[in-house]
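Visitor: Below: sequence and its predicted model.
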Amino acid sequence: VTPVPTTQQLVCPGGLLRLASASGKGATTASAIGAPRIVSAAVPGEPDRSAFAKSDAGTGGGSAAPQLLSTEPVGAGAAAPLLGGAQSEAVNTDEFFGLSSAECTAPSGEVWLAGGATTVGRTTLLLLANPTAVAAVASIQIFGETGQVSAPGMDGITVPAGGQRVLSLAGFAPGLASPVVHVTTSGGQVVASLEQTTVRGVAPGGADFVASTAAPALTTVLPGVVVSGVVVPGVVEIG
């Protein structure tokens, strides 16, 4: 039997979201602030791109919805296709300001997220996108400064096929300055990310996406960065 390279899939998290609409209605319902710009490439050919059909934020089928990037199927004996993508979005409103970017990532059955906050002035949303053909049932664990958080509703979260769930982290764990979120799924796989927006007093302070990180371990390897051929005034040339 000659194995055939499978179709590659990546998910871009979609546009920045706010709790409530621009008019302030529906304080517990997410809505889109805008739509991101997505850059992608594939080898061979061009990547296919489609919007998720369902979202708690009401963005299903639109440019602000999570986007699925995929490659064309290849024949037996062909090299595995390559696929990459990233998104960015700049916002400038009375409540939100900043440039946010995120990598388009592959779905997984286990994701660790380190970032965000649920203290005063910070709003953190947990975004779960399911690109598979079957529903995914997600469970989340949240760890804070004093240990693991226990709250109702953290198990049995259904993420429909081709759909996105949007959950406010403060609904499970308010007052955390440096949370870590662990997402596991059964059934389908998901792409999980965090979105944090900051308001300082009445002034917007920025918006960020937090992507998955390595799982906790006793040892961690930090990759080095090599900078060559750069001249900085007053500094010896590197390289």
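Guide: Alright, I've got the coordinates. Numbers count the residues shown, from 1 in each chain.

Visitor: okay, now residue 130: neighbour count?
Guide: Residues near residue 130, counting by other Cβ atoms under 10 Å, number 28. In this view, the C-beta of every residue, glycine as well, is placed from N, C-alpha and C.

Visitor: For the closest residue to it other than its chain neighbours, list the residues it contacts.
Guide: With sequence-adjacent residues excluded and distances taken as Cβ to Cβ, 6 or more residues apart in numbering, residue 130 is closest to residue 159, at 4.2 Å. With contact taken as Cβ atoms under 8 Å, 6 or more residues apart in numbering, residue 159 is in contact with 128, 129, 130, 135, 136, 137, 138, 165, 185, 188, 190.

Visitor: which residues touch the third one?
Guide: Applying Cβ under 8 Å, 6+ apart, we find residue 130 in contact with 107, 136, 159, 160, 161, 162, 163, 164, 188, 189, 190.

Visitor: Among those residues, which ones are in helices?
Guide: By the criterion of DSSP state H, membership of these in helices covers no residue at all.

Visitor: how about the helices in the chain?
Guide: Here the chain has no helices by DSSP H.

Visitor: Show me the shaky parts of it.
Guide: Counting by pLDDT under 70, the chain shows low-confidence ranges at 1-5, 20-27, 76-77, 230-239.

Visitor: Next, name the residue at the spatial heart of it.
Guide: For the chain, the residue whose C-alpha lies nearest the mean C-alpha position (Cα atoms, centre = their mean) is residue 193; its distance is 3.0 Å.

Visitor: Any figure for the gap between that one and residue 185?
Guide: Distance check for residue 193 against residue 185: by Cβ to Cβ, to the nearest Å, it reads 14 Å.

Visitor: in the sheet, who's paired with the residue nearest to residue 130?
Guide: In this structure, residue 159 has the following beta-bridge partners (DSSP bridges): residue 136.

Visitor: now residue 184
Guide: Using DSSP bridges, the beta-bridge partners of residue 184 come out as residue 110, residue 139.

Visitor: now residue 123
Guide: Residue 123 forms beta bridges with residue 197, as assigned by DSSP bridges.

Visitor: residues in contact with it?
Guide: Residue 123 is in contact with 18, 19, 168, 170, 196, 197, 198, 199, counting by Cβ under 8 Å, 6+ apart.

Visitor: please redo it, this time with the cut-off set to 10 Å
Guide: 17-19, 95-96, 116-117, 168-170, 195-199, 207 (Cβ atoms under 10 Å, 6 or more residues apart in numbering).

Visitor: with these in mind, which one is nearest to residue 213?
Guide: Closest to residue 213 out of the contacts of residue 123 is residue 116 (12.1 Å), distances taken as Cβ to Cβ.

Visitor: Excluding sequence neighbours, find me the nearest residue to the closest one.
Guide: Distances taken as Cβ to Cβ, 6+ apart put residue 124 closest to residue 116, at 3.5 Å, once the chain neighbours are dropped.

Visitor: Distance of that neighbour relative to residue 34?
Guide: In this structure, residue 124 lies at 19 Å from residue 34, with Cβ to Cβ as the measure.

Visitor: what's the spacing between the residue lying closest to residue 62 once chain neighbours are set aside and residue 164?
Guide: Among residues not flanking residue 62 along the chain, residue 51 sits closest, at 6.2 Å (Cβ to Cβ, 6+ apart). Noted for residue 51: a distance of 10 Å to residue 164, by Cβ to Cβ.

Visitor: Find residues that contact each of the two.
Guide: Overlap of the contact sets of residue 51 and residue 164 (by Cβ under 10 Å, 6+ apart) consists of 14, 59, 60, 65, 66.
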